[in-house]
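Student: The amino acid sequence is not available; the structure is as follows:
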């Protein structure tokens with residue numbers, strides 16, 4: 001388990017960036033070094049605001065010791081900003097547990113098959129990936145099959161992808 005240093009609330013103004021590809025996601029770069037601020041150079045869970053729009057996400061490595069956080073297209077639309085525009089940002093370490101809520105039938109199936117504890121031991125992103133994959137099934141028989149496949153993979157200690 002990674003231990004993070006809590007630097008308190010970080011507040012700054014910066015420009016929205018966007019990658020070279022036409023469909024690239026917008027992002028902002030963290031000013032300063034994440035390792036100095038948070039005590040790690042890996043992924044860092046944060047709560048953020050972009051011009052007062054709340055977001056719960058992660059700082060991720062960008063290269064050269066820099067970290068970035070993605071700014072969802074829906075947030076850009078809400079704040080009326082695009083790449084190159086200045087945005088007011090607050091960031092704080094997210095210390096709340098990240099838990100994926102499973103539908104009752106999925107939770108029951110996982111519990112019955114003794115897959116719930118191994119599932120909960122997976123990181124949040126892997127849990128969310130499984131839950132979304134199951135919920136995206138359009139037909140009941142596909143959903144049932146995905147639940148069974150997820151149980152088998154989780155009990156084998158495997159990620160979905």
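Tutor: Received, thanks. These numbers come from a predicted model, not from an experiment. Numbers count the residues shown, from 1 in each chain.

Student: so which helix or strand takes in the residue most central in space within the chain?
Tutor: Geometric centre of the chain, nearest residue: residue 57, 4.7 Å, by Cα atoms, centre = their mean. Element membership of residue 57, judged by DSSP states H and E, is strand 53-63.

Student: That strand - contacts with which helices or strands?
Tutor: Judged by 3 or more Cβ pairs under 8 Å, 6 or more residues apart in numbering; DSSP states H and E, strand 53-63 is in contact with helix 34-38, strand 44-50, strand 66-71, helix 73-79. Just so you know, the C-beta spots here come from the backbone N, C-alpha and C atoms, and that holds for glycine as well.

Student: Who are the contact partners of the residue nearest to the centre of the chain?
Tutor: 45-46, 48, 69-70 (Cβ atoms under 8 Å, 6 or more residues apart in numbering).

Student: cool, residue 85 as well?
Tutor: 15-16.

Student: ok, it to residue 72 distance?
Tutor: With distances taken as Cβ to Cβ, to the nearest Å, residue 85 is found 15 Å from residue 72.

Student: How many neighbouring residues does residue 106 have?
Tutor: The number of residues packed near residue 106 is 21, by other Cβ atoms under 10 Å.

Student: before we move on, what about residue 94?
Tutor: 16.

Student: from what I can see residue 18 touches residue 28, true?
Tutor: No: if you go by Cβ atoms under 8 Å, residue 18 and residue 28 don't touch, sitting 10.5 Å apart.
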